[in-house]
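Engineer: Attaching a predicted model along with its sequence, questions to come.
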Amino acid sequence: MHYHFIAIGGNVMHNLAVALHLKGEMVTGSDDEIFEPSRGRLASLGLLPERDGWDPDRIHSGIDAVILGMHAREDNPELIRARELNLKVYSFPEFLYAHARDKKRVVIGGSHGKTTITAMVLHVLHTSGIVCDYMIGAPVRGLEDTVRLSGDSRLMVFEGDEYLTSTLDRRPKFHVYQPDIALISGIAWDHINVFPTFEGYREQFMTFAGLVPPNGALIYNADDAMVRDVILSTREGVKLIPYHMPVFRIRNGMTSLNLSTKEVPLKIFGRHNLINLEGARMVCRELGVDDKDFYYAIGTFEGAARRLELLAENGQTAVFFDFAHAPSKLKATVEAVKEQFPDRRLVACIELHTFSSLSGHFLSHYADSMAKADQPIVYYNPHAVLLKRLPPIHPEQVREAFNLPHLNVYTEAGKLYSDLLGFNWQNANLLMMSSGDFGGMDVPALAKRITT
């Protein structure tokens, strides 16, 4: 089969292209911009387009199907040509569903925690010798790729994103996958560019809950009031499985689960990760993994990439990177590091990078989200605000929205980098949080310099 990817450089898109290539399919693609690590991975497999940009001449009747990324707009010249030729056009969620149509489908949804829960489930299944297909938004140690497609597994695990499917399909992605087993980890308003009201955002989770078929299972965070309300949308006959925060303790900078018969030391920490762990345990139990095997496997789980990822440390300083960008994620991550290291000063830095976070009328949702940080810092690039066609925001506006008078606000990445190097890092931790790249800052290099 010949598959052509329009917008091949996206995170999931390029991994799906790699997965199909490794299956022996013919893969071509295009994009107007391709960044690392996508660019290097595609190049290493001979899948990188010869030139950037769109070219309708790439589209011909010999292509079996076109796979469309969210980055591609409806007026994309390659998409227009594909439709003129009546080629089959999939969004990547539609393609993944078509692949998994006859498999048992597990879909992990939620405003936060879905990547980590999916990673935990995949780690436990892999450790337990259970083969499955999957799609996850971040690399997991021990798994070669973030997308696996095969013909031999009867199970597929999806990270279920609530963002839109494609420029042609305004459904949230997690509505497309049709779960047999679903999980909802939490609900906190996000993606205001496509869900301008909280009610409209919440409704997407109600629809998701209603997709679980009779005799299916819906696993839900019973500590989240919004989730408890949403599960009322489930159909009769669906098995409802709640989960709660487990009992744990922190000692000498290490977190352990306190079970009735033993302690389970963990390589991860933070209350949000511990409740994610319980959600993963319920999923694995539904898939036939007993608790003994789950706890054995989860004790070796080191987290997903860019989720409270330890970049460098010495005896008195640790530097972490986290994907946190929404207010609830930011608050949970800051509190996790402070609780794990209560005797160390915490410098926490968030980059406002998404449409929501750079919207002036949404900023107030960040109030007190960094209250536990000893030195809170916000960075944003005014050019990013301009590119998103949003009204300008000003440092004082950011400071007022976060409700932290001692908040430092930066608009120049170079200045932030040099000031962080100049801090006194004795008995102090640094937490860098963003869904972007801090204006091209080499954060791992910064971490190494701070801890050397």
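Structural biologist: Looks like it came in fine. Numbers count the residues shown, from 1 in each chain.

Engineer: Tell me, how many residues neighbour His325?
Structural biologist: Close neighbours of His325, defined as other C-beta atoms under 10 Å, add up to 20. C-betas here are computed from N, CA, C, even on glycine.

Engineer: Now do the SS call for it.
Structural biologist: Look at His325: counting by DSSP: H, G, I helix; E, B strand; the rest coil, its state is coil.

Engineer: What residue, apart from its backbone neighbours, is nearest it spatially?
Structural biologist: The spatially closest residue to His325, leaving aside those adjacent along the chain, is Ser435, at 4.5 Å (C-beta to C-beta, 6 or more residues apart in numbering).

Engineer: I'd say that neighbour and Phe323 touch.
Structural biologist: Yes - under the criterion of C-beta atoms under 8 Å, Ser435 is in contact with Phe323, at a separation of 5.8 Å.

Engineer: More neighbours: which of those two?
Structural biologist: Looking at Ser435 and Phe323 with other C-beta under 10 Å, you find the greater number of neighbours at Phe323, namely 22 against 16.

Engineer: Next one, pLDDT for that one please.
Structural biologist: Per-residue pLDDT puts Phe323 at 90.

Engineer: quick one, longest helix in the protein?
Structural biologist: The helix of greatest length in the chain, counted in residues with DSSP state H as the criterion, is given as helix 271-286.

Engineer: one step back: what's the residue nearest to His325 sitting at in phi/psi?
Structural biologist: Backbone dihedrals for Ser435, given as degrees, to the nearest 10, come out at phi -100, psi 0.

Engineer: since we're on Phe205, how many residues are nearby?
Structural biologist: Other residues within reach of Phe205 by the criterion other C-beta under 10 Å amount to 25.

Engineer: cool, Glu50 as well?
Structural biologist: By other C-beta under 10 Å, 7 other residues sit near Glu50.

Engineer: in what helix or strand does it lie?
Structural biologist: Counting by DSSP states H and E, Glu50 is held by no secondary-structure element, helix or strand.

Engineer: How about the backbone phi and psi for it?
Structural biologist: On the backbone of Glu50 - angles per degrees, to the nearest 10 - the values are phi -60, psi -30.

Engineer: Quickly note the distance from it to Ala304.
Structural biologist: Between Glu50 and Ala304 the distance, using C-beta to C-beta, to the nearest Å, works out to 33 Å.

Engineer: Leaving out the residues flanking it, which one is nearest to Ser357?
Structural biologist: In space, Ser357 is closest to His325, 5.8 Å off (C-beta to C-beta, 6+ apart).

Engineer: mind listing what the one you found touches?
Structural biologist: 350-354, 357, 433-435 (C-beta atoms under 8 Å, 6 or more residues apart in numbering).

Engineer: Now do the worst-scoring helix or strand of the chain on mean pLDDT: distance to the chain's middle.
Structural biologist: Every helix and strand of the chain was ranked by mean pLDDT, DSSP states H and E. The lowest is helix 382-387, at a mean of 92. Once both centres are worked out by C-alpha atoms, centre = their mean, to the nearest Å, helix 382-387 turns out to sit 23 Å from its chain's centre.

Engineer: Repeat that for stretch 91-111.
Structural biologist: Offset of stretch 91-111 from its chain centre (C-alpha atoms, centre = their mean): 16 Å.

Engineer: my read is Glu400 is in a helix, agree?
Structural biologist: Yes - following the definition three-state DSSP, Glu400 is counted among the residues of a helix.

Engineer: residues contacting the residue nearest the centre of the chain?
Structural biologist: Relative to the mean C-alpha position of the chain, the nearest C-alpha, by C-alpha atoms, centre = their mean, is the one of Thr115, at 4.7 Å. For Thr115, the contacting residues are 136-138, 159, 304, 307, 323, by C-beta under 8 Å, 6+ apart.

Engineer: now Asp152
Structural biologist: For Asp152, the set of contacting residues under the criterion of C-beta under 8 Å, 6+ apart consists of Val131.

Engineer: same thing but at 10 Å, please
Structural biologist: For Asp152, the residues meeting the contact criterion (C-beta atoms under 10 Å, 6 or more residues apart in numbering) are 131, 133.

Engineer: ok, the nearest residue to Gly62 once chain neighbours are set aside - how many residues close by?
Structural biologist: Ranked by C-beta to C-beta, 6+ apart and with sequence neighbours excluded, the top spatial neighbour of Gly62 is His2, at 6.2 Å. Residues near His2, counting by other C-beta under 10 Å, number 13.

Engineer: joint contacts of Ser435 and Phe323?
Structural biologist: By the contact definition C-beta under 10 Å, 6+ apart, Ser435 and Phe323 are jointly contacted by 306, 329.

Engineer: Regarding Pro93, what is its secondary structure?
Structural biologist: Secondary structure assignment for Pro93 (three-state DSSP): helix.

Engineer: pLDDT wise, what is the closest residue to it other than its chain neighbours at?
Structural biologist: What sits nearest to Pro93 in space, not counting adjacent residues and going by C-beta to C-beta, 6+ apart, is Val176, at 4.0 Å. On pLDDT, Val176 comes in at 97.

Engineer: so what's the backbone phi/psi at Val176?
Structural biologist: phi -80, psi -30.

Engineer: so it touches Gly109, yeah?
Structural biologist: No - using C-beta atoms under 10 Å, Val176 is not in contact with Gly109; the gap is 11.8 Å.

Engineer: Between those two, tell me which one has more neighbours.
Structural biologist: Gly109 (30 against 22).

Engineer: does the more buried one have beta-bridge partners, and which?
Structural biologist: Applying DSSP bridges to Gly109 yields these beta-bridge partners: Gly160, Ile184.

Engineer: buried sites along stretch 339-347?
Structural biologist: When neighbours are counted by 16 or more other C-beta atoms under 10 Å, the buried residues of stretch 339-347 are found to be 340-341, 344-347.

Engineer: The stretch 201-350 of the chain: helices as residue ranges?
Structural biologist: Using DSSP state H, counting those that start in this stretch, the helices of the stretch 201-350 of the chain run over residues 225-230, 271-286, 291-298, 327-340.

Engineer: Turn these into TSV, including mean pLDDT and distance to Ala65.
Structural biologist: Formatted as TSV, the entries for the helices of the stretch 201-350 of the chain read as follows, by pLDDT from 0 to 100; distance: least, C-beta to C-beta, whole Å:
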stretch	mean pLDDT	distance to Ala65
helix 225-230	96	34
helix 271-286	97	31
helix 291-298	97	37
helix 327-340	95	35
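
Engineer: Quick one: closest of these to Leu68.
Structural biologist: The stretch from these with the least distance to Leu68 (C-beta to C-beta) is helix 327-340; that distance is 28.4 Å.

Engineer: Many thanks, have a good one.
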